[in-house]
Every structure is written in structure tokens, then in C-alpha cells.
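Asker: Attaching a predicted model along with its sequence, questions to come.
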Amino acid sequence: MRLRLLTATLALGLGASITIASPDLPKPGPDTHKLDAFVGKWEGEGEMKAGPWGPGGKMKNEDECKWFQGGWQLVCESEGEGAMGEVKGRGVMAWSPEDKVYKYMGYDSMGMMMHATGTVSGNTWSWKGEDRMGGKLIKQRYTVTLTSPTTQTFKWETSEDGKTWSTLAQGSSKKK
């Protein structure tokens with residue numbers, strides 16, 4: 001009995017590795033490659049407004065974004081500092097062919113976990129998400145405009161009703 005289980009397990013493992021190595025697997029397409037715009041090391045600065053997410057003030061960050069093995073997801077590591085102190089974070093961006101939208105998932109050293117969906121039009125990326133803060137559902141939108149291949153601006157806005165938006169932070173980044 002154990003021999004059959006071991007043989008079946010090995011066969012499944014070997015079959016899976018043959019399938020994974022198959023040249024017929026899909027490759028990332030043009031929508032995935034639009035994320036190439038974010039690859040590299042970026043240095044940014046901005047201004048955070050006082051609000052439900054913390055006190056206002058100047059902020060600085062450094063991000064490094066690299067393609068994950070296989071080329072389907074872009075993984076970004078961040079370090080920054082601002083009015084609330086130092087923060088580190090990780091995020092993943094990818095194109096979802098099934099949903100026809102970009103997806104983002106991230107977390108940071110201050111306990112935040114975020115998810116958003118995004119679209120791109122020309123050189124402007126628009127991300128939307130929702131999170132709970134103090135028992136309230138807060139809608140968020142994050143807009144990145146690529147002003148050149150090596151510079152970008154960003155604006156982070158929040159809303160309780162999805163109609164009235166307040167700027168939480170804005171700034172710019174340049175590629176190192």
C-alpha cells in the first residue's frame with residue numbers, strides 16, 4: 001500500500017514538473033508588460049495631509065520593483081519615513097486576464113494590508129480600493145501619472161461616500 005502511494009505521489013510530482021516545463025504554457029502578454037513602467041529603483045517625496053490615517057507632514061520613500069519569476073507579477077519593496085516614523089512595505093501588481101483589470105496586494109510594517117484594482121489610460125494609472133478604519137468603510141483611489149520614463153507623480157485620495165474625495169497625500173518619484 002505504501003509503495004503504491006509513494007509511486008503515485010512521485011508520478012504526480014513528475015507529471016506536474018513536466019507540465020510546468022511545457023513550452024505550451026502561456027506567456028505574459030502586452031497588458032502585463034505595461035507594468036514595465038514601474039520596474040527599477042525609485043526615490044520619492046511628498047506631503048501627507050493630517051487625517052484618519054495619521055498626522056500630516058513631509059514623507060520620503062525608496063521603492064524597488066522587480067519581476068517575479070515567470071514574469072507575471074511585479075514585486076515592489078518599499079522603505080520610507082514620514083510623520084508617523086519609518087515604514088517598510090511589500091506589494092505585488094499583476095494583470096488579471098480573467099477580470100480584465102490590474103490587481104494590487106500589499107502590506108506594511110504599520111499593520112496595513114491593502115488591495116486594489118487598477119486601470120491604465122495613456123500614461124495615467126488609476127487604482128481603487130476599500131479598507132476599514134475605525135469601523136468605517138473608507139474608499140481609496142491612488143493615481144500615478146508617468147510624466148516621463150524616469151519620473152512620476154502620485155495622488156492618494158480617500159472618501160467615506162465615494163462622492164466627496166479628500167487628498168491624503170501627493171508627491172513625485174524619480175528613477176535612480
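Answerer: Right, received. Where do you want to start?

Asker: Double-check Pro149 against Asp36; I have them as touching.
Answerer: No. Pro149 lies out of contact with Asp36 (CB atoms under 8 Å); the separation is 9.8 Å. In short, each C-beta sits where N, CA and C put it, glycine included.

Asker: Quickly list what's touching both of those two.
Answerer: In terms of CB atoms under 8 Å, 6 or more residues apart in numbering, Pro149 and Asp36 are not both contacted by any residue.

Asker: Following the worst-scoring helix or strand of the chain on mean pLDDT in sequence, what is the next regular element?
Answerer: Least confident element among the helices and strands of the chain, by mean pLDDT, DSSP states H and E: helix 2-21 (a mean of 47). The helix or strand immediately downstream of helix 2-21 is helix 30-33, counting by DSSP states H and E.

Asker: chain center to that next one: distance?
Answerer: Here helix 30-33 is found 15 Å from its chain centre; the criterion is CA atoms, centre = their mean, to the nearest Å.

Asker: What residues of that helix count as buried?
Answerer: Thr32 (16 or more other CB atoms under 10 Å).

Asker: With stretch 85-95 instead?
Answerer: Val87, Gly89, Gly91, Met93, Ala94, Trp95.

Asker: Let me see the mean pLDDT of that stretch.
Answerer: What stretch 85-95 shows for mean pLDDT is 96.

Asker: Can I get that stretch as CSV, trimmed to CA atoms?
Answerer: Extracted C-alpha coordinates of stretch 85-95, given in CSV (Å, rounded to 0.1, in the frame of the first residue of the first chain):
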residue,chain,number,x,y,z
GLY,A,85,8.1,57.3,11.6
GLU,A,86,9.8,54.7,9.5
VAL,A,87,7.8,52.2,7.4
LYS,A,88,8.6,49.2,5.2
GLY,A,89,6.3,47.5,2.8
ARG,A,90,5.8,45.0,0.1
GLY,A,91,3.4,45.0,-2.8
VAL,A,92,2.6,42.9,-5.8
MET,A,93,1.0,44.2,-9.0
ALA,A,94,-0.3,42.0,-11.9
TRP,A,95,-2.7,41.9,-14.8
